[in-house]
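Asker: What follows is a protein structure lacking sequence information:
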């Protein structure tokens, strides 16, 4: 296979999984956006986490909410639990990496907030503890996942939302997570600020 054929395959796979995700996930993405807007209208906040490359989606979402997505508007209260490297490394050193999000959630999360998690694989200990802590504190969980994260659904409550990309490819899951993040940002802005 030539290098150009490999490029064509990447674009073809990208288009195919986006089409499948659009058909399968429109309703659940809409529901998640409505949930986030309800929380924001109640003067609550969104706390986000994800490991590795999924942390980039966390920061994409938080920066789009705190600053702007595609238009000037007031900042929205979103905290990226992945962004404070001093805190993360302190918790990982003094306790364990599995506590890096749960410890922050215990301090920053309030009943009625939302925990938004991103995972392109299975759920590891840090995300498992974050979900458990969110439930203990009365937070709803919205998860962006993929078919590799089968164990995730066992951790979620009926009131939580799992936006599960219908793929096992890490690259394709991440690409769709970026598109879903853009959809969420657009839907949130539209519901809160019109247009």
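Answerer: Okay, I see it. Not measured: the values here are computed from a predicted model. Numbering: from 1, shown residues only.
Asker: which element follows the longest strand belonging to the chain toward the C-terminus?
Answerer: As assigned by DSSP state E, the longest strand anywhere in the chain is strand 140-146. Remark: after strand 140-146, the chain's next helix or strand is helix 152-155, criterion DSSP states H and E.
Asker: In terms of secondary structure, what does that next one contact?
Answerer: helix 125-137, strand 161-165 (3 or more C-beta pairs under 8 Å, 6 or more residues apart in numbering; DSSP states H and E). (Each C-beta comes from the backbone N, C-alpha and C, glycine too.)
Asker: List the pairing partners of the longest strand of the chain within its sheet, with orientation.
Answerer: For strand 140-146, the paired strands and their directions (DSSP bridges) are strand 114-118 (parallel), strand 161-165 (parallel).
Asker: buried set for the helix-or-strand element of the chain with minimal mean pLDDT?
Answerer: The helix or strand of the chain with the lowest confidence, counting by mean pLDDT, DSSP states H and E, is helix 152-155 at a mean of 89. By 16 or more other C-beta atoms under 10 Å, the buried positions in helix 152-155 come out as 152, 155.
Asker: Centre of the chain to that helix, how far?
Answerer: 15 Å (C-alpha atoms, centre = their mean, to the nearest Å).
Asker: same question, stretch 178-195
Answerer: Computed by C-alpha atoms, centre = their mean, the chain-centroid distance of stretch 178-195 equals 14 Å.
Asker: which residues sit against it?
Answerer: Around stretch 178-195, the neighbours that count as contacts under C-beta atoms under 8 Å, 6 or more residues apart in numbering are 18, 21, 25, 29-30, 32-34, 36-37, 40-41, 57, 60-61, 64-65, 69-71, 73, 76, 144, 163, 165.
Asker: Same question for stretch 70-78.
Answerer: 40, 44-48, 61-62, 65-67, 185-186, 188-189, 192-193, 195.
Asker: Pull out the buried members of those.
Answerer: 40, 44, 45, 46, 47, 48, 61, 62, 65, 185, 188, 189.
Asker: what residues are up against the fourth one?
Answerer: Put plainly, it is residue 46. Contacts of residue 46 (C-beta under 8 Å, 6+ apart): 36, 39, 40, 65, 76, 77, 78, 79, 113, 114, 115, 116.
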